[in-house]
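Engineer: Provide a 3D model corresponding to the input given below.
(chains A, B, C and D)
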There are 2 protein chains.
Amino acid sequence: MKLPPANSLIAYEAAARHSSLTLASRELGVTHAAVSHQIRQLESWLGLELFRREGRGLALTEEGRALGETLTDCLRQIETRCRSLRRAHQPGALTIASLPSIASRWLIPSLPDFQAAHPDIAIRVVYAHARDTLADLDADLAIALKEAKDPGLTSRRLLSRINKPVASPHYLARSGALGSPSEIARATLLHDEDPLHWLNWCRKAGVQPAPSMTGPIFQDFNLLATAVIAGHGVALCPVDVFAREIAQGDLVVLSDISILEDEAYHLVMPSWLPAEARLFADWLIGVMKSAARS
Amino acid sequence: MKLPPANSLIAYEAAARHSSLTLASRELGVTHAAVSHQIRQLESWLGLELFRREGRGLALTEEGRALGETLTDCLRQIETRCRSLRRAHQPGALTIASLPSIASRWLIPSLPDFQAAHPDIAIRVVYAHARDTLADLDADLAIALKEAKDPGLTSRRLLSRINKPVASPHYLARSGALGSPSEIARATLLHDEDPLHWLNWCRKAGVQPAPSMTGPIFQDFNLLATAVIAGHGVALCPVDVFAREIAQGDLVVLSDISILEDEAYHLVMPSWLPAEARLFADWLIGVMKSAARS
DNA sequence: GCTTCATGTCAAAAAATCTAACAATTCAGA
DNA sequence: TCTGAATTGTTAGATTTTTTGACATGAAGC
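Structural biologist: Numbers count the residues shown, from 1 in each chain, chains lettered A, B, ... in the order given. Now for the predicted structure:
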């Protein structure tokens, strides 16, 4: 294998990603002069221009863009691998990043079972948001909405994200039965961060959204969950996530008209996993499977 | 992005690939001590052992193997990209590595058309063997038997490799018509490097291979081609490669019993191509397509 | 036209990498 | 069991590379 000087590749990758020597130098913790040198070195090794210097600011050439993409891809992959190895060495410590909904409804309640079976593995759970990637989170495993396409990462489907309107029996007792979409649309609608969800549902159900569309908006999904279980109104919830509450009659599904039926919750992890993490991943998938059966 | 020292990764990759510091140091053109240093550095950055030192020789730990694989993959990808960029800069010079059969039957005969349309692009054709990879060949494009699975490489199917028995009209005039498999099996069989091909064909046709199975063996496919056209005997040839000769009656297909019907010739290239190379690739695919139609 | 921001350049300083020589270990064969 | 060849480990010092800091240059915005 005959590669350009490795450090020049690192420097170039950062510079290409930022389209800026200054930002790259800041990221790398060196001066801009150092980055400039490294890039010169790479350019002279390749015998071509990677940037067009345009006074203030850099513009990537076509070749530069191509190289930058490859480098970003590959380095990110290497970074992911190094991270997971590094953590793997902390014996028996495991960090799981999870969307709040799955964390509070599935992960935390089931965790004691896992702990009982593997008391030597220390589990740490951190919140993840929909946009976070595994690398950002500094976690061994992530529960996310999107499958990872990055090579070096593997995804396993956990639960469907299919959303239907649900309410508590208490609320229904007060409001009267909500049989039809138009009755639902006139109820107190509880929103998560994205008010478009109810709007989409109404459109799909073919009903006019009522003025009360401007119901309470809950930043955290778990606040919404608490509110709907407490009987504050009707919420659009992923029914698989609330399978237990629905089975026990604490929540009632009001309609089979659904949104987000094509999305799903996924477990995202590096393709190579240390033993503890693999153990945990298999266990979690098992929990979800048996839950889906029941 | 937070990566270990880049040079230590390069050194480790080579050491892991060879399972040897000495071989790695030779590849990198440094002393073994230097490689040893780099690997120590990487190990201490990661906080784990990558090798178990076993007296003479190294044994990779599980973590070491995992990291080594990722690194080899990624670095190879980067190398391919750098190579193609480097060559891209040689203005208008294009190297095509081709299997001898395609080179002499399709590439060389069609090349004048391309040259006429693009007189400024200098084409260099080199021989490739079935086992060579694009990176080994130092070429912009390769015509090979296998699709490239390496990310960063793209493959396009060119021609089927389906092989059938063919002979020249002269030979048939001398030998009499060869209508049945058993008659073919008793003819003078011309072999390429792999005598198993005729054996497989006989098995498929349900006939006993004759003692004359020990016919002439031609190292280079083009020698075989010359021999069969000159009327020396019957050869198993990829009919698509000889489409022109067959259409003009210089070769006659003796049977529809075929071997290698699932294999194909492919054009293998980096996913990103300089303009000239892309031009050539599109042209070549066009030539093959129009040939297949006629 | 002046200021600001970003990159380019250079020599000197700092840091890293590498080498050379020797030690230690293993393996194969005498 | 001994010996020699092959391989890795270790160290201090030499070498090379990288980085810095200070200043220069050029473009965009006011």
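Engineer: can you give me the helices in the stretch 101-250 of chain A?
Structural biologist: Using DSSP state H, counting those that start in this stretch, the helices of the stretch 101-250 of chain A run over A:108-117, A:134-137, A:169-175, A:181-185, A:196-205, A:221-229, A:243-247.
Engineer: quick one: those helices as a markdown table, columns for mean neighbour count and mean pLDDT too.
Structural biologist: Glycine gets a C-beta too; all of them are placed from N, C-alpha and C. Shown next, in a markdown table, are these (neighbours: other C-beta atoms under 10 Å in any protein chain shown; pLDDT from 0 to 100):
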| stretch | mean neighbour count | mean pLDDT |
| --- | --- | --- |
| helix A:108-117 | 13 | 90 |
| helix A:134-137 | 18 | 74 |
| helix A:169-175 | 14 | 92 |
| helix A:181-185 | 18 | 91 |
| helix A:196-205 | 17 | 91 |
| helix A:221-229 | 19 | 90 |
| helix A:243-247 | 16 | 91 |
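Engineer: so which residues on the stretch 51-200 of chain A come close to chain B?
Structural biologist: For the stretch 51-200 of chain A, the contact set with chain B under C-beta under 8 Å from any C-beta of the partner chain comprises A:63, A:66-67, A:70-71, A:73-79, A:81-82, A:85-86, A:88-89, A:151-152.
Engineer: how does it look with 10 Å?
Structural biologist: By C-beta under 10 Å from any C-beta of the partner chain, the residues of the stretch 51-200 of chain A that approach chain B are A:61-90, A:135, A:138, A:151-152.
Engineer: let's see which of these end up in helices.
Structural biologist: Among these, DSSP state H puts A:62-89, A:135 in helices.
Engineer: pull the helix or strand with minimum mean pLDDT from chain A.
Structural biologist: helix A:134-137 (a mean of 74; mean pLDDT, DSSP states H and E).
Engineer: buried residues in the strand or helix carrying A:Ala34?
Structural biologist: Per DSSP states H and E: A:Ala34 is located in helix A:32-46. By 16 or more other C-beta atoms under 10 Å in any protein chain shown, the buried positions in helix A:32-46 come out as A:His32, A:Ala34, A:Val35, A:Gln38, A:Ile39, A:Gln41, A:Leu42, A:Glu43, A:Leu46.
Engineer: how about the second one, what does it touch?
Structural biologist: Going back to what we said before, that points to A:Ala34. By C-beta atoms under 10 Å, 6 or more residues apart in numbering or on different chains, the contact set of A:Ala34 is A:Asn7, A:Ala11, A:Leu21, A:Ala24, A:Ser25, A:Leu28.
Engineer: same question for the last one.
Structural biologist: Taking C-beta under 10 Å, 6+ apart, we find A:Leu46 in contact with A:Pro4, A:Ser8, A:Tyr12, A:Glu63, A:Gly64, A:Leu67, B:Cys82, B:Arg83, B:Leu85, B:Arg86, B:Ala88, B:His89.
Engineer: need those residues in TSV with neighbour count, distance to B:Val241 and pLDDT, can you?
Structural biologist: What follows is these, written out as TSV (neighbours: other C-beta atoms under 10 Å in any protein chain shown; distance: C-beta to C-beta, whole Å; pLDDT from 0 to 100):
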residue	neighbour count	distance to B:Val241	pLDDT
A:Pro4	20	39	91
A:Ser8	22	44	92
A:Tyr12	25	43	93
A:Glu63	21	35	85
A:Gly64	25	40	88
A:Leu67	27	36	90
B:Cys82	20	34	88
B:Arg83	19	29	85
B:Leu85	24	33	84
B:Arg86	16	32	81
B:Ala88	24	30	68
B:His89	13	34	67
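Engineer: intersect the residues you listed with the contacts of DNA strand D.
Structural biologist: By C-beta under 7 Å from any atom of the strand, the members of the contacts of A:Leu46 lying near DNA strand D are A:Ser8.
Engineer: can I get the buried residues of helix A:32-46 in TSV including pLDDT and distance to DNA strand D?
Structural biologist: Output for the buried residues of helix A:32-46, formatted as TSV (pLDDT from 0 to 100; distance: C-beta to the nearest atom of the strand, whole Å):
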residue	pLDDT	distance to DNA strand D
A:His32	91	8
A:Ala34	92	4
A:Val35	92	7
A:Gln38	92	5
A:Ile39	92	10
A:Gln41	91	6
A:Leu42	91	10
A:Glu43	90	13
A:Leu46	89	15
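Engineer: nearest to B:Leu279, of the contacts of A:Ala34?
Structural biologist: A:Ala11 (32.8 Å; C-beta to C-beta).
Engineer: just the CA atoms of the least confident helix or strand of chain A, as CSV, please.
Structural biologist: Extracted in CSV, the C-alpha atoms of helix A:134-137 (Å, rounded to 0.1, in the frame of the first residue of the first chain):
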residue,chain,number,x,y,z
LEU,A,134,-23.8,7.0,17.3
ALA,A,135,-20.4,8.7,17.0
ASP,A,136,-21.8,11.9,18.5
LEU,A,137,-23.2,10.1,21.4
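Engineer: now that helix, how far from the chain's geometric center?
Structural biologist: 9 Å (C-alpha atoms, centre = their mean, to the nearest Å).
Engineer: what is it packed up against?
Structural biologist: Other helices and strands packing on helix A:134-137, by 3 or more C-beta pairs under 10 Å, 6 or more residues apart in numbering or on different chains; DSSP states H and E, are helix A:62-89, strand A:93-98, strand A:141-144, strand A:264-270.
Engineer: using TSV, lay out the ones you listed together with distance to B:Ala225.
Structural biologist: Output for the helices and strands packed on helix A:134-137, formatted as TSV (distance: least, C-beta to C-beta, whole Å):
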stretch	distance to B:Ala225
helix A:62-89	39
strand A:93-98	61
strand A:141-144	56
strand A:264-270	50
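Engineer: which one of the ones you listed lies closest to B:Phe218?
Structural biologist: helix A:62-89 (41.2 Å).
Engineer: got the angle between the closest one and helix B:62-89?
Structural biologist: Here the directions of helix A:62-89 and helix B:62-89 differ by 180 degrees (axes from the mean of the first three to the mean of the last three C-alpha atoms, to 10 degrees).
Engineer: follow-up on the earlier one: buried ones among the residues of the stretch 51-200 of chain A next to chain B?
Structural biologist: Burial by neighbour count, judged by 16+ other C-beta under 10 Å, picks out A:63-64, A:66-71, A:73-88, A:135, A:151-152 from these.
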